[in-house]
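Mind folding the following:
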Amino acid sequence: MSDLVWVPAAAGAAYAVYSTFVSAPLSNFEYLLLKILLVGGIALVFTFLGGIGQADAIAMAFVAADPYVFSPLAPLFAAAAIALVHIGYEFAVGNARGGLTIPMARFLKEQRWIPKAIVSDGTRTEVSNDVNVAREEVEAARKPGAMVEVRYGVPTVAYLGLGYVAYLVYLVALNYPGFASLP
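Prediction:
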């Protein structure tokens, strides 16, 4: 995925910060910056620990930049609800139950797998526990006929995006004055 997808989010976050600074009391501006720094900082720590991907951390910081009072709680709760439904479905069809061993070609084609090890010619080679590094290690060690031990994992950024859209739909449909008051 290209890093250009973050340009609209960066522009929106910059506008939210600017408009809050210009049109609101200083305490609102400080509150918005605190939200961005706190949520972004937590996401950054999780990224360095290998718990979430880099795109997930960026998306969390952008969600926190929403100037609405209940942001980022409402979008995060919506994302959690969507994630629970989706993961429940994947569990029901068998994709999210423990580990699987799949062919290398399938792993390279489908982005939903988090690699644990490469099995090639009877040799099992562990990959990094860091989700940011593991996929790159498997792609670099691409071998015909190799298998990959995986576990299920959809990037959190997908759930965050859907949760934010659900949050915006809620604002427009059920709280239009709140939506209209946003900068």
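
List the buried residues in the helix or strand encompassing residue 74.
Per DSSP states H and E, residue 74 falls inside helix 73-92. For helix 73-92, burial by neighbour count (16 or more other Cβ atoms under 10 Å) applies to 74-76, 78-79, 82-83, 87, 90. Any C-beta I mention is one placed from the backbone N, CA and C, and that applies to glycine too.

longest helix of the protein?
Assignment by DSSP state H gives helix 26-48 as the longest helix of the chain.

next SSE after that helix?
helix 54-64.

what about that following helix, distance to the chain center?
Centroid separation between helix 54-64 and its chain, computed with Cα atoms, centre = their mean, to the nearest Å, is 7 Å.

For it, enumerate the helices and strands it packs against.
Using 3 or more Cβ pairs under 8 Å, 6 or more residues apart in numbering; DSSP states H and E, the elements in contact with helix 54-64 are helix 6-23, helix 26-48, helix 156-174.

Would you check how far apart residue 77 and residue 156 are?
Note on residue 77: its distance to residue 156, by Cβ to Cβ, to the nearest Å, is 14 Å.
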